[in-house]
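K.L.:
give the three-dimensional model of this entry:
(2 chains)
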2 protein chains.
Amino acid sequence: MAAPSEFLNYIDSNADAFIQRLADAVAIPSISGDAKYRQEVFKMADWLNAQLKAVGVETKLVDLGKHIMDGEELPLPPAILGAIGNDPTKKTVLIYGHFDVQPAEKSDGWNTDPFTLVINKETGQLIGRGSSDDKGPILGWLNVLQYHHDNKKPLPVNLKLCFEGMEESGSEGLDELVEREAKEGGWFHGTDCVCISDNYWLNTRTPVLTYGLRGLTYFKLTVSGPGRDLHSGVFGRTVHEPMTDLVHLMGRLVDTQGNILVPGVDEMVPPPDAQEIAIYEKLDYSIADVEEAAGGQIALTSNKVDVLMGRMRNPSLSLHGIEGAFSGVGAKTVIPAKVSGKFSIRLVPPQTPDNVNPLVLSYLESEFAKLNTKNKLTIEDLHGGKPWLADINHWNFEAAKRATKAVYKQDPDLTREGGSIPVTLTFAESLGVNVLLLPMGRGDDGAHSTNEKLDRSNFIEGSKLLGSYLYEIAA
Amino acid sequence: MAAPSEFLNYIDSNADAFIQRLADAVAIPSISGDAKYRQEVFKMADWLNAQLKAVGVETKLVDLGKHIMDGEELPLPPAILGAIGNDPTKKTVLIYGHFDVQPAEKSDGWNTDPFTLVINKETGQLIGRGSSDDKGPILGWLNVLQYHHDNKKPLPVNLKLCFEGMEESGSEGLDELVEREAKEGGWFHGTDCVCISDNYWLNTRTPVLTYGLRGLTYFKLTVSGPGRDLHSGVFGRTVHEPMTDLVHLMGRLVDTQGNILVPGVDEMVPPPDAQEIAIYEKLDYSIADVEEAAGGQIALTSNKVDVLMGRMRNPSLSLHGIEGAFSGVGAKTVIPAKVSGKFSIRLVPPQTPDNVNPLVLSYLESEFAKLNTKNKLTIEDLHGGKPWLADINHWNFEAAKRATKAVYKQDPDLTREGGSIPVTLTFAESLGVNVLLLPMGRGDDGAHSTNEKLDRSNFIEGSKLLGSYLYEIAA
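P.N.:
The predicted structure follows:
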């Protein structure tokens, strides 16, 4: 069913109060990646917990233990579990968000104090760290709950909430929590679908639903031989140089058109069918948008569908750098003794680290053997994660499509992200239900950058979207 | 003529005093590369100047002006010009040495205080920074002068001295000084030959004369395209990645057997004739020696002559590293926006930067064009220098051969060094005379490393060698 107009009007009427609440949230510098701000993350948890209780949510703060950061043992901020509604005739929706933020200092290049929400009346931008990532979306849910609480209206669904304070620092402890609470008797047991609002529109115009994320497998190739760094005058052309071997090996991983040269890797991915190609053709995103975002006219092809598929549904291999070689400015005539090349492959279904890594290892070993060098190669798999893909025809997505059409008067673009949001896969696999990524902010919000912002209209219309989505689920 | 036995005996009898003088010299930490030690380099110049005047040398301290180091303007230490003897019937020999040293701190891994000369009675090693590079050789000349002064004996030749205090920091100001003083009326005018004692034996057993040095040309290749570093999840397989392009380009410079792939570069060097091959066959240096020095069994071939020619008479191309890529530990999923590969080619006659650089530039440009990328390439030539090769049949070398045979009872090996000592070429070109490199120390002295040492026998026999060389010139 459509959201009641009373709800939509309430959001509009209370917009200023909602923005003030966002300002209160932004004012707490809950930076999880900096030990000296750890108490602020706890403070943020307490603030959010109080807000949730005030709108009728039953909450539980879960102690996730301690961890070591920068050599210091620190208590982890609690995860906040919430529940409201327990009607067996209604669907149960699990909401995820995070209340920690990226570091920010004025001296990084912010035009204003990052922890004071600044409202630009001209552009409608709400500027401050966390405005878009991810305090804005969390507060969107609060706004929805506020309406139902203040007006004593029952929610159209049962809600479970999972808010964490370590997302920007590897979500320590979260996977175990989700797996535990997904089981019989756990907090999340009985969830029918999941909604995560922690990514972005492709552009500044068109709302999106996101149904896929790429996985990753990250390698470190180390070539060694000399006992120490050597002088190129003394040893040049007398010994096998590790850097020469490594550069030859790295050059055999990917060609300059982006094709992965490891046999079998590109071939694992089935070609798109007509329906999938149609999604990319329809997307409101051009090569000019890609190149503007990249800051250079360097798209691999002039075919929009190919470029978008390269990001969204094809694997990619990037060479990140070399550890141990000369990396400073100036001219040093060294033969480095031990050099480690770093590269990673973004994975798409059906690829996983388990089925891709053996191909990579055997190819690298066989190519290294062809180099006919006396140096040694070691290969380490540093980390990895599986890709995720959701069924876009599931009622969870259908509800979000109808809600988007109702609020924004247009159909959402269906996107897949090139990066990873590991918790998505954890929810999908632990609960065995459909997961939807329903972003609130725009592609230019600058989530991890300076002058992060959320547009006022995205906050207000986005709050309407989140509420409407719940009503559409209940349809 | 042979050196008088009275001279040889004098050196032996005064060995302890000479070693004490070396200890006094080592005690002054004349590190030219560290601003906070600059006054110590001045102190060392004063000490050496006083020593020279005490043995009858006419000296002149030449102010070389100022320079900027680490953002600080510093006065350059003076060069010390010396002269003793002015007999038109004698040959005039110009001696070069340097009184500055490399940095050294106990915490670098020294077993003893680097600036306290430690005498190991068991091994005969004199351990301390500068013992071998280059205070030992300078003091060897002082020992020779001491004999003639104390015994009121005329030197067999006229001597000109040129001692500098910036050799370890690029010899700032020296080229101009040498060129100026080489001219009519200059301090060095009338020099018949040059002798430099600032390199090393190949091994620990056999004295050498060195007659060649490789030149150098150093390049920086920059590939750029994106406006900023990109996230590999978002941009992998949508854009041309500078790192991929650069790795492909660097892989086309040299193969894993050390062959230079730039057309025409290897081909410029004429093959060795039978006489030259015989020199390498005779050298008291094995592949095991090369591999021991390199710290790994990584020689390019098992043929000793090929390996030695690779170092001494063939050009070499080394890849030193990449600036701007991810070079830290751990796993970062970045697509670096701008990466600069550094490589250099060691040059041998008839190669010079002037005739090699155009081949490198045109090859790189044509190979980059083949990559079919939208990124941009810029190529910078960071610095370079010509190779040097002396006539080993010149009377200057013949004198040194006879002196070596007389002192060490064996013929010297004739070597070419793979590295560069730029002042060698400056003397050769400015004066137009034969230059001889006559090392005092052994291949394992660790000149720029921790626990630098000079063997007592190399200091004492080496002092005899330097004196005998002067007598043999007078023959």
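
K.L.:
need the three-state assignment for A:Val223.
P.N.:
Three-state call for A:Val223 (DSSP: H, G, I helix; E, B strand; the rest coil): strand.

K.L.:
next, count neighbours for it.
P.N.:
30 (other Cβ atoms under 10 Å in any protein chain shown). Bear in mind the C-beta positions are built from the backbone N, C-alpha and C, glycine included.

K.L.:
please name the bridge partners of it.
P.N.:
Beta-bridge partners of A:Val223, counted by DSSP bridges, are A:Val339, A:Leu377.

K.L.:
my guess is it contacts A:Ile379. True?
P.N.:
No. Using Cβ atoms under 8 Å, A:Val223 is not in contact with A:Ile379; the gap is 10.3 Å.

K.L.:
excluding chain neighbours, what is closest to the residue nearest the centre of chain A?
P.N.:
Central residue of chain A (Cα atoms, centre = their mean): A:Ile421, 3.9 Å from the mean position. With Cβ to Cβ, 6 or more residues apart in numbering or on different chains as the criterion, A:Ile421 has its nearest non-adjacent residue at 5.8 Å, and that residue is A:Leu213.

K.L.:
wait, isn't that neighbour in contact with A:Ser420?
P.N.:
Yes. When contacts are counted by Cβ under 8 Å, A:Leu213 is listed as touching A:Ser420 (5.5 Å).

K.L.:
and these two? Which one has more around it.
P.N.:
Legend: neighbour count by other Cβ under 10 Å for A:Leu213 and A:Ser420, higher for A:Leu213 (29 against 21).

K.L.:
what's across from that one in the sheet?
P.N.:
Here A:Leu213, judged by DSSP bridges, has bridge partners A:Trp388, A:Glu417.

K.L.:
report the contact partners of the residue nearest to A:Ala15 when sequence neighbours are not counted.
P.N.:
In space, and not counting its chain neighbours, A:Ala15 is closest to A:Ile460: 5.1 Å by Cβ to Cβ, 6+ apart. Contact analysis of A:Ile460 by Cβ atoms under 8 Å, 6 or more residues apart in numbering or on different chains lists A:Ile11, A:Asp12, A:Ala15, A:Phe18.

K.L.:
from those residues, which two are the most distant?
P.N.:
A:Asp12 and A:Phe18 (10.0 Å; Cβ to Cβ).

K.L.:
more neighbours: these two, which one.
P.N.:
A:Phe18 (19 against 11).

K.L.:
the helix or strand encompassing the more buried one - contacts with which helices or strands?
P.N.:
Per DSSP states H and E: A:Phe18 is located in helix A:15-26. Using 3 or more Cβ pairs under 8 Å, 6 or more residues apart in numbering or on different chains; DSSP states H and E, the elements in contact with helix A:15-26 are helix A:38-54, helix A:135-150, helix A:456-473.

K.L.:
angle of it against helix A:456-473?
P.N.:
Compare the direction of helix A:15-26 with that of helix A:456-473 by axes from the mean of the first three to the mean of the last three Cα atoms, to 10 degrees and you get 100 degrees.

K.L.:
list the buried ones in helix A:15-26?
P.N.:
A:Ala15, A:Phe18, A:Ile19, A:Arg21, A:Leu22, A:Ala23, A:Ala25, A:Val26 (16 or more other Cβ atoms under 10 Å in any protein chain shown).

K.L.:
residues making contact with that helix?
P.N.:
For helix A:15-26, the external contacting residues (Cβ under 8 Å, 6+ apart) are A:11, A:44, A:47-48, A:51, A:99, A:115-117, A:119, A:126, A:128-131, A:135-136, A:138-139, A:142-143, A:146, A:454, A:456, A:459-460, A:463.

K.L.:
next one: stretch A:292-300
P.N.:
A:257-258, A:287, A:290-291, A:306-307, A:310, A:443, B:224-228, B:230, B:234-235, B:237-240, B:337, B:373-375.

K.L.:
now stretch A:47-59
P.N.:
By Cβ under 8 Å, 6+ apart, the residues outside stretch A:47-59 that reach it are A:21, A:24-25, A:28, A:61, A:80-84, A:99, A:138, A:142, A:145-146, A:148-149, A:159, A:161, A:163.

K.L.:
hmm, 7 Å instead?
P.N.:
Residues from elsewhere that reach stretch A:47-59, judged by Cβ atoms under 7 Å, 6 or more residues apart in numbering or on different chains: A:25, A:28, A:61, A:80-84, A:99, A:142, A:145-146, A:149, A:161, A:163.

K.L.:
please apply the same query to stretch A:163-171.
P.N.:
Outside stretch A:163-171, the residues within contact range by Cβ under 7 Å, 6+ apart are A:30, A:32-33, A:41, A:44-45, A:48, A:76-77, A:79-80, A:97-102, A:138, A:172, A:174, A:422-423.

K.L.:
much appreciated, bye for now.
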